[in-house]
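Starting from these lines, generate the structure:
(2 chains)
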Protein chains: 2
Amino acid sequence: MSKMTLYFATGNASKVREIKAILQELPLTIVQVDAKGEEIQSDFLEEIANESAYRASNNRKLPLFVEDSGLFIDALRGFPGPYTSYVFKTIGLSGVLSLMQGVDRRRAVFCSVVSFCRPEGKPVSFVGEAMGRIAISARGNNGFGFDPIFEPEEGDGRTFAEMKMVEKNSVSHRTKAVCAFAKWYLELGIR
Amino acid sequence: MSKMTLYFATGNASKVREIKAILQELPLTIVQVDAKGEEIQSDFLEEIANESAYRASNNRKLPLFVEDSGLFIDALRGFPGPYTSYVFKTIGLSGVLSLMQGVDRRRAVFCSVVSFCRPEGKPVSFVGEAMGRIAISARGNNGFGFDPIFEPEEGDGRTFAEMKMVEKNSVSHRTKAVCAFAKWYLELGIR
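Sure, this is the predicted structure:
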């Protein structure tokens, strides 16, 4: 079966690596195209992802997808949510841990939204979630972003950053969204 | 002298009140028009404000201005910066105070950018800054947002929220940006 090309608009090399690993057994070739300055501000990841996909696809005259993800911490009213990467590069792991110091309610959700759009088309989105808890301290060196402080529920207590990529990918929010998208895309291709 | 109408695109009633007070002695009438969902994500307030002004002005077919502001805390690498209002409604004053607990370096800058745009024109922007420090605890009930934890340098140690509006407006970042804009706008009108 010949491979289909899928354009992925992102500036994040770690996401490219992870998504390539998630999709490696499928007849899809991921080609990264650069994306910058095209995210809107919104409390809703899906709205951000759809708008980004729409703009990137129309700017580049290519069908493509984007992936946006965020860590939503219950006790912090969803913070850092849609601004997870900004918060990571400013206050970082230690900032979020200090906001959670002495807090018993440690429930959090990692969300991923994949949005696919063709030029002049309407974006279509796919959502994945991983429930979990915020660790007391950062553990592990794998993954990226807030992985060292997130213990997924579907796991054995290790953080995402303590897991091998293949283990993280078996339970991650990103895998759920990306696989739902890939399934839809391949079915579409067959029609 | 007859008054000139100035359209201000915002959803924030406190900003409208404050800007009307700042401009009250000038021959300008501020008319609020609603703005929503038109902010982009960027590390630069000026880029966000220009893009918002451009879009709002083209969507509404009106010359108008927007005002965007943010609190940039040195010790937190500029956090909460462009996402100040999101951070305010999630982790709030107490969250920022806890991030600053035990931190000696308390320097911060409140920045304001006013951006004016005509339909199909290019946005023009004006920047104002107020240097200051992050207080150890929240004090005062005036103002809005992070005012209770910001002690401006041009002051007597009180926070913005402990000042009367007229006192805050005599030293605020917003006054500097708004007045620079109003001066430019009025000169333009005379030509």
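
Could you pull up the contacting residues of A:A56?
Contacts here follow Cβ atoms under 8 Å, 6 or more residues apart in numbering or on different chains; on that basis A:A56 touches A:9, A:33, A:35, A:38, A:64, A:66, A:117. Placement of C-beta: from N, CA and C, glycine included.

tell me which of those residues is nearest to chain B?
Distance to chain B across these (Cβ to the nearest Cβ) is lowest for A:E38, with 7.6 Å.

Tell me where chain A has strands.
A:4-9, A:28-33, A:64-73, A:80-81, A:107-117, A:124-134, A:150-152 (DSSP state E).

quick one: contacts of the last one?
The set of residues that contact strand A:150-152 without belonging to it, under Cβ under 8 Å, 6+ apart, is A:71, A:108, A:110, A:130-135, A:157-160, A:171-172.

what about 10 Å?
With contacts defined as Cβ atoms under 10 Å, 6 or more residues apart in numbering or on different chains, strand A:150-152 is touched by A:71, A:73, A:106, A:108-110, A:130-136, A:138-140, A:143, A:157-163, A:167-168, A:170-173.

just checking, what's the longest helix in chain A?
As assigned by DSSP state H, the longest helix anywhere in chain A is helix A:173-190.

on that earlier part again, from the contacts of strand A:150-152, keep the buried residues only.
Among these, those classed as buried by 16 or more other Cβ atoms under 10 Å in any protein chain shown are A:71, A:73, A:106, A:108-110, A:130, A:132-135, A:138-140, A:143, A:158-163, A:167-168, A:171-173.

Same list, those residues, but only the ones touching chain B.
Among the buried ones among the contacts of strand A:150-152, the residues lying close to chain B (Cβ under 10 Å from any Cβ of the partner chain) are A:I73.

Near chain B, which residues of chain A are found?
Going by Cβ under 10 Å from any Cβ, the residues of chain A near chain B are A:36-44, A:47-48, A:51-52, A:55, A:72-73, A:75-83, A:85-87, A:89-92, A:94-96, A:98-102.

ok, now with 8 Å
Within chain A, the positions adjacent to chain B are A:37-43, A:47-48, A:76-83, A:86-87, A:89-91, A:95, A:98-99, A:101 by Cβ under 8 Å from any Cβ of the partner chain.

now those residues: which count as buried?
Here, 16+ other Cβ under 10 Å leaves A:38-42, A:47-48, A:76, A:78-83, A:86-87, A:90-91, A:95, A:98-99 buried among the residues of chain A next to chain B.

hmm, back to that, can you redo the contacts of A:A56 as CSV with pLDDT and distance to A:D147?
Listed next are these as CSV, based on pLDDT from 0 to 100; distance: Cβ to Cβ, whole Å:
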residue, pLDDT, distance to A:D147
A:A9, 96, 22
A:V33, 94, 25
A:A35, 74, 22
A:E38, 67, 25
A:L64, 96, 26
A:V66, 97, 20
A:C117, 96, 28
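
how about the helix or strand of chain A with the lowest mean pLDDT: buried residues?
Scoring the helices and strands of chain A by mean pLDDT, DSSP states H and E places helix A:173-190 at the bottom, with a mean of 91. Neighbour-count burial for helix A:173-190, with 16+ other Cβ under 10 Å as criterion, is recorded at A:173-182, A:185.
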